[in-house]
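# generate coordinates for the sequence data below:
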Amino acid sequence: MTTPDGTPERPRPDRARLYAPFRPRMARVVSATLAALVVVGTVALVLTLPDWFGLASSIGLLALGLAIAWFCWRQASVRADVDERGVVVRNLVITRRLEWAQVVSVRFGGGRPWVQLDLSDGDVLAVMAVQQADGAFAEAEAGRLAALVAIHTRTAQDD
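Alright, predicted model coming up:
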């Protein structure tokens, strides 16, 4: 097929697939499993503690277990959501919204544990949603993110 101006039309990837959220696989499974084990283990420990251990210590142990479980949940929930305007990167501690114009390039591999975005202000932002531990899946996701950056930052000089 050709476009109205006679140039060959490029095949378009499935829009739903192209704009699907980026989420790690292994980190989610490991973190969710660990969170469940910590909660069950902490509750079992608190319920089996001897009486001399005390209420304050039991509450402290329970709070520590819940804090560890929250941290694991936060790790399991890292993601990057993309749309026509930009990308929202939710990492372990912070969530940041970027317009496509702010993203200069996507880097992955070379010993990096996750994708890194080079930003127009000279900063670098890690995207923990695409992790090296996911192997070939991560490579494909990094490519998809790079394609989105290329699509949304294309100018007349790029064509």
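
# state the mean pLDDT of the host helix or strand of residue 127.
For residue 127, the element it lies in under DSSP states H and E is strand 124-131. Strand 124-131 shows a mean pLDDT of 95 in the predicted model.

# that one pairs with which strands, parallel or anti?
Sheet pairing for strand 124-131, assigned by DSSP bridges, gives strand 114-119 (antiparallel).

# residues in contact with the strand it pairs with?
Applying Cβ atoms under 8 Å, 6 or more residues apart in numbering, the external contacts of strand 114-119 come out as 87, 89, 98, 102-108, 124-132, 138, 141-142, 145, 149. Yep, even glycine has a C-beta here, placed from its N, CA and C like the rest.

# one more: stretch 89-101?
Identification of contacts with stretch 89-101 by Cβ under 8 Å, 6+ apart yields 74-75, 77-81, 85-88, 117, 119-120, 125-129, 148-149, 152-153.

# still on that earlier bit, which of the contacts of strand 114-119 are buried?
Those of these that meet the buried threshold are 87, 89, 98, 102-103, 106, 108, 125-132, 138, 141-142, 145, 149, by 16 or more other Cβ atoms under 10 Å.

# ok, the residue nearest to residue 121 when sequence neighbours are not counted - contacts?
Leaving aside its chain neighbours, residue 121 sits nearest to residue 102 (7.4 Å; criterion: Cβ to Cβ, 6 or more residues apart in numbering). Shown in contact with residue 102 (Cβ under 8 Å, 6+ apart): 86, 119, 120, 121.

# equivalent analysis for residue 130, please.
22, 24, 80, 108, 114, 115, 138, 141, 142, 145.

# which non-adjacent residue is nearest the fourth one?
In this case it means residue 108. Nearest residue to residue 108, sequence neighbours excluded (Cβ to Cβ, 6+ apart): residue 142, at 3.8 Å.

# one step back: return the distance of the strand holding residue 127 from the chain's centre.
6 Å (Cα atoms, centre = their mean, to the nearest Å).

# same thing with stretch 74-90?
Worked out by Cα atoms, centre = their mean, stretch 74-90 lies 6 Å from the chain centre.
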